[in-house]
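Undergrad: Build me a model from this:
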Amino acid sequence: MPAFRPTRREAFLMGAAGLTTAAAAPGAFAELPLHAKGWHDGPALPEPVQEIYPCLHGGKIHLAGGFIAENGKITGPTAAHHAFDPSLGLWAPRAPLPVARHHPQLISFRGSLYCIGGFESRETGAWQMQGDMWLYNDAENDWEWAPDLPVPNAESVTAAIGRELFLVGGRIPKADRNLDWTDHTDTAAAWGFDGSHWFDVAPMPTARNSAAAAVIDGWLHVVGGRTVNGGNTAVHEVYDPASDRWERLAPMPQAQGGLAAAAVGPDLYAFGGEYFGGGGGVFRQAWRYESLRDRWRAIPDMPKPRHGLGAVAAGRDIYVIGGARKASGNETSAAVEIYTP
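TA: Numbering: from 1, shown residues only. The predicted structure follows:
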């Protein structure tokens, strides 16, 4: 049995003194922001793209795959791969993915960049879920094959914690057919990857897709998302790899799916998402979750509300990347906004 570790809520109740010590530790979260606090326009993407999961790798923000568009309308998935250097403010092309894919997960793990799962579009169906994984060779500027997932997966969340990579939730094929969006169902399954093989870990309590996640103090926070039959959810659950245990924390102030999140210091920041009721729309609200107090607070609304976007923290700046200005595939955007807490 794993050693006992107090829950986040228990740790908070043990006393404010410990929290004050953690928050005030010398050098903790001391990186200076590149920008003044608040929202700023960033360098636009080379092309409009949505349904993306960019990440920070080697000091640069990598973006690969997604749905591209012309005149705001989706034309199909892309294999394009670009890297953004925050110090230069420039996007530069890198080796494209082996195959055009939308909703692929990018994650930096043990100094390497991985691309996981997602969907391919073929003549027989536009939502063929994939279970393979690619490894980017920085030196050769090329992609290599890596160990496949246990099952095809997409619209999940990923995180690298210590010496392991975790992939949680999302959707999987519900039967043999795997061609269209309706062929898939929500999953609570979670897996770990040690660099050579995948293994099962404790499933997330709430099966959902299109959630967002960030790592704070070695714990994986999964917020929001939606279910195929139930719509958006405000659920917030956290995973502790040390004990292989989940617990539920304060829910988001409102249910948002198709959102993005990033962590700066002890806080998680969540942005955007979409809803489908009443004709559908995109959330402009953005939120700050204070992990030391288990509470949410509103931050200034997004100047350019979007869903299917990405959020990547670089220092104390959060780059809020791409997405679409309207629900589903409408008004795909090349916008990059920077939020600095």
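Undergrad: Rounded mean pLDDT for stretch 208-228, please.
TA: Over the span of stretch 208-228, the pLDDT mean works out to 97.
Undergrad: Could you check that stretch and say which residues are buried?
TA: Within stretch 208-228, the residues scored as buried using 16 or more other C-beta atoms under 10 Å are 208-216, 219-227. (Glycine included, C-beta is placed from N, CA and C.)
Undergrad: and if you look at stretch 177-190?
TA: Those would be Asn178, Asp183, His184, Asp186, Thr187, Ala188, Ala189, Ala190, for stretch 177-190 by 16+ other C-beta under 10 Å.
Undergrad: what's the span of it from first residue to last?
TA: In stretch 177-190, first residue to last residue: 22 Å (C-alpha to C-alpha, to the nearest Å).
Undergrad: Likewise for stretch 202-214?
TA: This stretch, stretch 202-214, spans 18 Å end to end (C-alpha to C-alpha).
Undergrad: Ok, stretch 147-165 next?
TA: End-to-end span of stretch 147-165 (C-alpha to C-alpha): 13 Å.
Undergrad: for stretch 61-77, same thing?
TA: Length of stretch 61-77, first residue to last, C-alpha to C-alpha: 20 Å.
Undergrad: Ok, stretch 229-241 next?
TA: Stretch 229-241 has its terminal residues 30 Å apart, counting by C-alpha to C-alpha.
Undergrad: Repeat that for stretch 191-199.
TA: Terminal residues of stretch 191-199 lie 6 Å apart, using C-alpha to C-alpha.
Undergrad: Run through who's touching that stretch.
TA: 109-110, 147, 149-150, 163-168, 200-201, 241 (C-beta atoms under 8 Å, 6 or more residues apart in numbering).
Undergrad: One more: stretch 71-79?
TA: 47-50, 64-69, 96-102, 119-121, 126, 325, 329-332.
Undergrad: With stretch 151-159 instead?
TA: 53, 103-105, 107, 116-119, 129-131, 165-173, 178, 184, 187, 189, 209-215, 220, 222.
Undergrad: after the least confident helix or strand in the chain by mean pLDDT comes which helix or strand?
TA: The helix or strand with the lowest mean pLDDT-type score in the chain, counting by mean pLDDT, DSSP states H and E, is helix 16-23 (a mean of 33). With elements assigned by DSSP states H and E, the helix or strand that comes after helix 16-23 is strand 38-41.
Undergrad: what comes up buried for that following strand?
TA: Neighbour counts over strand 38-41 (16+ other C-beta under 10 Å) mark Trp39 as buried.
Undergrad: Which other helices and strands does it contact?
TA: Using 3 or more C-beta pairs under 8 Å, 6 or more residues apart in numbering; DSSP states H and E as the contact criterion, the elements in contact with strand 38-41 are strand 336-340.
Undergrad: strand partners of the strand it packs on, parallel vs antiparallel please.
TA: Take DSSP bridges as the rule and strand 336-340 pairs in its sheet with strand 38-41 (antiparallel), strand 317-321 (antiparallel).
Undergrad: What number of residues are in the vicinity of the residue nearest to Asp186 when sequence neighbours are not counted?
TA: Spatial nearest neighbour of Asp186, chain neighbours left out: Ala207 (4.2 Å); criterion: C-beta to C-beta, 6 or more residues apart in numbering. Using other C-beta atoms under 10 Å, Ala207 is surrounded by 19 other residues.
Undergrad: Mind checking the strands paired with strand 336-340 for the one nearest to Ala83?
TA: Set against Ala83 and scored by C-beta to C-beta, those come closest in strand 317-321, at 12.3 Å.
Undergrad: What residues sit buried inside stretch 125-135?
TA: In stretch 125-135, counting by 16+ other C-beta under 10 Å, buried: Gly125, Ala126, Trp127, Gln128, Met129, Gln130, Gly131, Asp132, Met133, Trp134.
Undergrad: Need the three-state assignment for the second one.
TA: Going by DSSP: H, G, I helix; E, B strand; the rest coil, the secondary structure assigned to Ala126 is strand.
Undergrad: can I assume it is in contact with Phe119?
TA: Yes. Using C-beta atoms under 8 Å, Ala126 is in contact with Phe119, at 7.5 Å.
Undergrad: what's the closest of the contacts of stretch 191-199 to Tyr275?
TA: Using C-beta to C-beta, Val168 is the member of those that lies nearest Tyr275, at 22.8 Å.
Undergrad: Bridged to the closest one, which residues?
TA: Val157, Ala190.
Undergrad: With Leu106 instead?
TA: Cys115.
Undergrad: Now do the contacts for it.
TA: Tyr53, Pro54, Cys55, His57, His62, Leu63, Ala64, Leu113, Tyr114, Cys115, Ile116.
Undergrad: Surely the last one is in contact with Gln105?
TA: Yes. In this structure Ile116 lies within contact range of Gln105 using C-beta under 8 Å: 4.2 Å.
Undergrad: Need the overlap of contacts for the two.
TA: With C-beta under 8 Å, 6+ apart, Ile116 and Gln105 have common neighbours Thr158, Leu167.
Undergrad: Please enumerate the helices of the protein.
TA: 8-13, 16-23 (DSSP state H).
Undergrad: quick one: which of the contacts of stretch 191-199 has the most company?
TA: Val168 (27 neighbours).
Undergrad: if I look at that one, how far off is Val223?
TA: In this view, Val168 and Val223 are 12 Å apart by C-beta to C-beta, to the nearest Å.
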